[in-house]
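Visitor: Kindly return the folded structure for what I paste below:
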Amino acid sequence: MNKISFILFFLIICILSGYTQSINFNANNFLKNKVNNDYTYDTIIYHNDVIAIGNIKNNYKIDLWYFIDSTSNIYKKCFYYKDSIFVNCSIYNLKTDILIKKNRYKIVGDNNILFGRVLTYDKNKVLLHKYFVKNSNYEGLFYLYYNNGNIKEVNQVFNHKNNGVSIQFFIDGNILSIGKYKGDLKINKWTFYYKTAFIKKEGRYKQIKVSIDEYLTYNRNDIDYKGSIPEKDTITISVKDSIWVYYSNEGNLIKKEYYDSGKLIELKEYNSEEKLIKDEKYKEGKLLHLIEYDNKGEIIKDEKYPPLPPEE
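Guide: This next block holds a predicted model:
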């Protein structure tokens, strides 16, 4: 056993035995093995219970590096390109030794900053996510995948939030919905589809600021808000606005909803021949006026709420 192999064996034994805290490794503790005149070294570095094994040339990491945790499992492999500020890494599940992520770093001084494409995988090595990072912030297109490899969702992302076009897909590849986000909240026109590719519903979202008490009065089906309620006076939410139109899976009109900043003000329902059969008007979530029609368009019911007392 040569000197390098012996020291490496000793370090691993120390790690497994819990004695690594007593070993002081720093820049002066590199184990160097000069192999030629360009000063390439086999190197082992200890830092925060992690051992890294790889090559150094002219004080820069080069080629393949292995990063090992305190239980001697490899949790990351990185390839450092010669004379490049970028490094590509593969990260593994410590319990299963299965690849879970591939990413790219940009070396800035002594720091590695996420920069470029990131891929994540499930336990069966199936791609789950693909996204892009710039200076450790999500930026660009963010892809999510089904287990069969088809795209589940694509979002334009900036500064870790959905900002821009968003498209969701069924597992067979057909579009489920398409719309836009701003700051992780829906805005403008959104269209939702059946698996048959017919439009299911379409309408517009609008962002508004409301008090916490007012937020609690909204129907959860009529708003878009993620996360818990913050401890502050007002929050920004996305609400249904203007006209929302609903269709059957054969493409026939079945319903129209009219909103004013998230509050339903009118609802119209249609029969299979797309003739109006019901018209309801609302205020503050309460039904004010109901009109029902027969198939010939004749009024068969006309009631206002609360109902007027019967005449004496």
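Visitor: Just the buried positions in the strand or helix carrying residue 89, please.
Guide: Element membership for residue 89 (DSSP states H and E) is strand 86-92. Of all the residues in strand 86-92, those buried under the rule 16 or more other Cβ atoms under 10 Å are 87-92. Every C-beta, even on glycine, is put in place using the N, C-alpha and C of the backbone.
Visitor: Sheet partners, orientation included, of it?
Guide: strand 74-80 (antiparallel), strand 99-108 (antiparallel) (DSSP bridges).
Visitor: Kindly report which one of these carries the lowest mean pLDDT.
Guide: Ranked by mean pLDDT, those bottom out at strand 99-108, which scores a mean of 75.
Visitor: ok now that one, how far from the chain's centre?
Guide: 18 Å (Cα atoms, centre = their mean, to the nearest Å).
Visitor: okay, that strand in CSV with CA atoms only?
Guide: Extracted in CSV, the C-alpha atoms of strand 99-108 (Å, rounded to 0.1, in the frame of the first residue of the first chain):
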residue,chain,number,x,y,z
LEU,A,99,-28.9,9.9,-9.4
ILE,A,100,-31.4,12.5,-8.3
LYS,A,101,-30.1,15.7,-9.9
LYS,A,102,-27.7,17.1,-12.5
ASN,A,103,-26.8,20.8,-12.3
ARG,A,104,-24.2,23.3,-13.4
TYR,A,105,-22.3,25.8,-11.3
LYS,A,106,-20.5,29.0,-12.1
ILE,A,107,-17.3,29.5,-10.0
VAL,A,108,-17.2,33.0,-8.5
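Visitor: how about that strand: buried residues?
Guide: 99-107.
Visitor: Could you do stretch 70-79 as well?
Guide: Buried, per 16+ other Cβ under 10 Å, within stretch 70-79: 74-79.
Visitor: Looking at these, which is nearest residue 133?
Guide: For the buried residues of stretch 70-79, the minimum distance to residue 133 (Cβ to Cβ) is 15.7 Å, reached by residue 78.
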